[in-house]
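1. take this sequence and fold it.
(chains A and B)
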Amino acid sequence: MMHPQQEALLAVGESAATLAIASSGGKSDGPAVILRGLHKSFGSQIVLDGIALTVESGETLAVLGRSGTGKSVLLKLIIGLQKPDSGSICIHGQEITLLHLDAMNEIRKKMGFLFQQAALYDSLTVEQNVAFPLKRHTNMTEPEQGDRVKELLAGVGMEGDLKKMPSDLSGGMQKRVGLARALALEPGILLLDEPTAGLDPITSGEIDELILKLQEEHDMASIVVTHDLHSAKTIANRLALLHQGKVQIEGSFEELEKSGNAFVAEFMKRDS
Amino acid sequence: MMSPDTRIPRRWTSLDAGQAALPMPSTLVSVWSVINHFLEWFGDLGLFAWQVMRAAVRRPFEGRELIRQLDELGSKSLPLVALAGAAIGAVLSLESRSSLVRFGAKSMLPAALVYSIIHETGPIVTGLVVSGRVGAGIGAELGSMKVTEQIDAIEASGVNPYKFLAFTRIVACILMLPLLTLAADFCGVLFGWIAETLVEPVSFLRFINQGFAGASFSDFLAPTLRTAVFGLIIGMIGCFQGMRTKGGTAGVGFSATSSVVLSSLFVILADVILVKFILVFFP
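-> Numbers count the residues shown, from 1 in each chain, chains lettered A, B, ... in the order given. Below is the predicted model:
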């Protein structure tokens, strides 16, 4: 149990760090994301077993691995949708595993998350989906929100579909709108869960190009979870391969290709 | 070991303590499993209610979403509730008439009808109709949002889903149930009069005067406000079942069905308990 003085210090630290991050537009000196000794189990199944990763601002890390190796769980831990069993998650220097909900929500505003199936709100139009974070977290007037939504949708090539419902969009279009929504609050960190899953090769290529373009424009730290090695090669500076809950290997695409590890070689061969 | 002829009827003895390690019979295991499940469900519901209450006292208060839910859950339930109230009023009028005529108390029909509708039939019919329509709707909507990660997306964007999704729906149910009950009461009395006047013409004003002659304001107030508790039950259980949905479409179907079944069950239980309370405080 935490001593009251520790709690008070933690609370002061939380507020100060949150304010510092907020005032710096979600960016601070040093790595954007630091994961140390991250463990997560579901019942007797160990999913993450001591993950340690660092992502610098402006860098894109692709997390690869077989299905069920905890790649999506890793992203959900970073954005606080799940709690780790043990270990540390630092976002722009702020430890988030002990944060209260309000402080965590402040951190979440500085992160964008693209879900595997885009997770657009199906009762809202495309325009309302993208405006959702703006309505709740900014003091923009309605016309300002409208302009920002148009600008974001133009950035992903969806400016002509403002009034459409998510059910009227193809998978690739939904991902584009999801990206626009994730970027609405100009996040310092972008988390992408299988951005090209279920898409044909041409649409996958378009989404990759779009992600590259957005990264150049917004200069964010990005973590991309993917099975798609072509996509990882295109958009990531660095790759990390998860196996049996651990980071099997970490490095550039070329370094992974040259690895002598049998599992890494098998993975690269199968996916290439 | 006892011989068969010396066996005594089974009862708890000190020997049972030593047999505790023996495996339980399968029926006992299944009964224990059901009890365990039930207690676990209640515990989770308590935690959910606590999360909703904590979220409720923090800004922003999601006024726009609340108004949308008032329309979605309240206004759109009005036709069904009014129809149910009308049907009950007409049936009550027709059924009661023959009995009252037999006992020479035909003139008591308006009072019996009004008393029956405002005290019990109106509130419980409204509660059950709304638990069917709204309970299923909330369970299915939130369930499908859960399995398609929309609730995670709300949380990931820094919005508290307990407030945005659950609190607004629960408050909308609490506020709308008494109003819907009044609508059901009105339609019940109106169609009770229509049914009566088709058999033996009587003016509406006279029917109303006779019906409300012995009724006081408290006769209206307590049973109508009782439905706010029904609203709390319907909203809370619908949101709880929806937001804990697991699996795909089968999970959504289960959430919708269980929301209706559980909220109807608890509405009936609450009705029994609240009637007792009302009789104590408004004798």
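2. now do the helix or strand containing B:Val125: everything it contacts.
-> Per DSSP states H and E: B:Val125 is located in helix B:122-130. Helix B:122-130 is contacted from outside by B:73, B:77, B:80-81, B:84-85, B:88, B:173, B:176-177, B:180-181, B:184-185, B:188, B:223-224, B:226-227, B:230-231, B:234, B:264, B:267-268, B:271, using Cβ atoms under 8 Å, 6 or more residues apart in numbering or on different chains. C-beta coordinates here come from the backbone N, C-alpha and C atoms, glycine included.
3. report the buried members of those.
-> Burial by neighbour count, 16 or more other Cβ atoms under 10 Å in any protein chain shown: within those this picks out B:73, B:77, B:80-81, B:84-85, B:88, B:173, B:176-177, B:180-181, B:184-185, B:188, B:223-224, B:226-227, B:230-231, B:234, B:264, B:267, B:271.
4. those residues in strands, which ones?
-> In strands, judged by DSSP state E, none of these are found.
5. which phi and psi does A:Thr69 have?
-> phi -90, psi 10 (degrees, to the nearest 10).
6. which residues does it contact?
-> Counting by Cβ under 8 Å, 6+ apart, A:Thr69 touches A:47, A:242-245.
7. how about B:Gly74?
-> Applying Cβ under 8 Å, 6+ apart, the residues contacting B:Gly74 are B:172, B:175-176, B:179-180.
8. report the mean confidence score over stretch A:110-128.
-> In this model, stretch A:110-128 has a mean pLDDT of 92.
9. okay, now that stretch: how far is its last residue from its first?
-> Distance between the two ends of stretch A:110-128: 20 Å, counting by Cα to Cα, to the nearest Å.
10. report the distance from that stretch to the chain centre.
-> Its chain's C-alpha centre and that of stretch A:110-128 lie 13 Å apart, by Cα atoms, centre = their mean, to the nearest Å.
11. buried sites along it?
-> For stretch A:110-128, by 16+ other Cβ under 10 Å, it's A:110-121, A:125-128.
12. and what of stretch A:171-191?
-> For stretch A:171-191, a neighbour-count test (16+ other Cβ under 10 Å) marks A:171-185, A:187-191 as buried.
13. cool, and stretch B:54-72?
-> Under the neighbour-count criterion of 16+ other Cβ under 10 Å, stretch B:54-72 has B:55-56, B:62, B:65-66, B:69-70, B:72 buried.
14. sort out for me which of the residues you listed are in helices.
-> Among the buried residues of stretch B:54-72, the members found in helices (DSSP state H) are B:55-56, B:65-66, B:69.
15. how close does B:Pro110 sit to B:Ser93?
-> 9 Å (Cβ to Cβ, to the nearest Å).
16. compare those two (neighbour count), which wins?
-> More crowded of B:Pro110 and B:Ser93, by other Cβ atoms under 10 Å in any protein chain shown: B:Ser93, with 27 against 22.
17. state the distance from that one to B:Leu182.
-> Distance, B:Ser93 to B:Leu182, by Cβ to Cβ: 19 Å.
18. cool, and A:Ser72?
-> 49 Å.
19. and for A:Gly146?
-> Applying Cβ to Cβ to A:Gly146 and B:Leu182 gives a distance of 40 Å.
20. and for B:Ile208?
-> Distance from B:Ile208 to B:Leu182, counting by Cβ to Cβ: 15 Å.
21. of these two, who's got more company?
-> More neighbours surround B:Leu182 than the other of B:Ile208 and B:Leu182, with 18 against 15 (other Cβ under 10 Å).
22. in this structure the more buried one contacts B:Thr224, no?
-> Yes. B:Leu182 is within contact range of B:Thr224, at 6.3 Å (criterion: Cβ atoms under 8 Å).
23. just the buried positions in stretch B:199-218, please.
-> Within stretch B:199-218, the residues scored as buried using 16+ other Cβ under 10 Å are B:207, B:210-212.
24. these in helices, which ones?
-> Per DSSP H, these map to helices at B:207, B:210-211.
25. and these, which is the shakiest by pLDDT?
-> Among these, pLDDT bottoms out at B:Gly211, giving 84.
26. which parts of the stretch 151-272 of chain A are strands?
-> A:189-193, A:221-225, A:238-243, A:246-251 (DSSP state E, counting those that start in this stretch).
27. what does the second one contact?
-> Outside of strand A:221-225, the residues within contact range by Cβ under 8 Å, 6+ apart are A:31-33, A:55-63, A:71-72, A:74-75, A:78, A:188-195, A:211, A:215, A:231-232, A:235-236.
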